[in-house]
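Peer 1: What shape does this take:
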Amino acid sequence: WLLIPAYRLLPGDLPLLACYRIGVLVGLIAVVIALFVFQRLLGAVLDRGGWRGEVRRLGTAAGVAFFVLFIGAKGYYGMDAPLVLVLGLFYLSRVSRRGTVAAGAKAAVIDGLLLGLLFMARVDSLPLIVAAAAVMTVEAVAGRRSIGAVAARLAVAAAVAAPYLIWSTARFGTWLPVSARIKSGFPVIDLQQSLGVIMNTSLNRTDVAGFLAAWLLALGPWSCSRRDPGGRYGPARRWSHT
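Peer 2: Numbering: from 1, shown residues only. Sure thing, here's the model as predicted:
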């Protein structure tokens, strides 16, 4: 949807390096947009947690620093990851403020479109879509709302993905893209092969070390909250346990 119009609109004699730079620029623009969407999501989470004043500003600054220095600085392969960031964060920001089954046909179409495009941007975002469907169902049942709101969202998402699924299955015999088949050892389930491929393509030692450092640093606020039975840190205590 993005590359074909770009191919038609841009000059046809662009050298390969220029095409690569355009793709990188699109990815960087998507990351910048994702940062602003992430701030909306972070604001909704902090508001619900009761963060106020200086503590809220500290939480916002920490979240933005994490996004810019870790997520934004990570090396990307292609345009899919930045687009997943934009679409996924936009969906999470919407449902954090409105709920997963907000009333109205417009809300159902937008939510379903975001979920469908998220799947199209990167197939291995499917677990998030399955989790979203489960949360929608639970919220509809618990709130005694119509299950039709859930069905409408899933129907729109399915309509977005159906042409690709049908065409890919008919043409290649499977709906999985090439990258997913390589990383999953498809059609044979081989966990060792899958992890080996992922560690040499999608992740590296720096990424793993960064995750480890983040988890160790997170133990500091958690241990402080454990020593704060009176709730002196207020929202920070609730947030760390969450």
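
Peer 1: can you tell me the average pLDDT over stretch 105-114?
Peer 2: For stretch 105-114, the mean pLDDT works out to 94.

Peer 1: how about it: buried residues?
Peer 2: 107, 108, 110, 111, 112, 113, 114 (16 or more other Cβ atoms under 10 Å). In short, each C-beta sits where N, CA and C put it, glycine included.

Peer 1: Next, please give the residue ranges for the helices of the protein.
Peer 2: Counting by DSSP state H, the chain has helices at residues 3-9, 16-48, 53-66, 80-98, 105-121, 126-142, 148-172, 178-184, 191-199, 205-226, 235-241.

Peer 1: distance between the fifth one and the chain's centre?
Peer 2: If you compare the mean C-alpha spot of helix 105-121 with that of the full chain, they lie 13 Å apart, counting by Cα atoms, centre = their mean, to the nearest Å.

Peer 1: Using PDB, write down the CA coordinates of it.
Peer 2: Output in PDB follows, covering the C-alpha atoms of helix 105-121 (Å, rounded to 0.1, in the frame of the first residue of the first chain):
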ATOM      1  CA  ALA A 105     -19.700   1.900  14.000                       C
ATOM      2  CA  LYS A 106     -16.900   4.400  13.500                       C
ATOM      3  CA  ALA A 107     -14.900   3.200  16.500                       C
ATOM      4  CA  ALA A 108     -15.400  -0.400  15.300                       C
ATOM      5  CA  VAL A 109     -14.100   0.300  11.800                       C
ATOM      6  CA  ILE A 110     -11.100   2.300  13.100                       C
ATOM      7  CA  ASP A 111     -10.100  -0.300  15.700                       C
ATOM      8  CA  GLY A 112     -10.600  -3.200  13.200                       C
ATOM      9  CA  LEU A 113      -8.600  -1.300  10.500                       C
ATOM     10  CA  LEU A 114      -5.700  -0.700  12.900                       C
ATOM     11  CA  LEU A 115      -5.600  -4.400  13.900                       C
ATOM     12  CA  GLY A 116      -5.800  -5.500  10.300                       C
ATOM     13  CA  LEU A 117      -3.000  -3.200   9.200                       C
ATOM     14  CA  LEU A 118      -0.900  -4.200  12.100                       C
ATOM     15  CA  PHE A 119      -1.100  -7.800  10.900                       C
ATOM     16  CA  MET A 120      -0.200  -6.700   7.400                       C
ATOM     17  CA  ALA A 121       2.700  -4.600   8.600                       C
END
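
Peer 1: need the buried residues of stretch 105-114 in CSV with distance to residue 95, can you?
Peer 2: As requested, the buried residues of stretch 105-114 are exported to CSV (distance: Cβ to Cβ, whole Å):
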residue, distance to residue 95
107, 10
108, 12
110, 11
111, 7
112, 12
113, 14
114, 10
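
Peer 1: Closest one of those to residue 83?
Peer 2: residue 114 (11.4 Å; Cβ to Cβ).

Peer 1: Residue 72: which of the helices of the chain is closest?
Peer 2: Nearest to residue 72, of all the helices of the chain, is helix 16-48, at 5.3 Å by Cβ to Cβ.

Peer 1: which residue is nearest the centroid of the chain?
Peer 2: residue 88 (3.6 Å; Cα atoms, centre = their mean).

Peer 1: Apart from its chain neighbours, what residue comes closest to that one?
Peer 2: In space, and not counting its chain neighbours, residue 88 is closest to residue 118: 5.8 Å by Cβ to Cβ, 6 or more residues apart in numbering.

Peer 1: Settle this for me: that neighbour is touching residue 128, isn't it.
Peer 2: Yes. Using Cβ atoms under 8 Å as the test, residue 118 is close enough to residue 128 to be in contact (6.9 Å).
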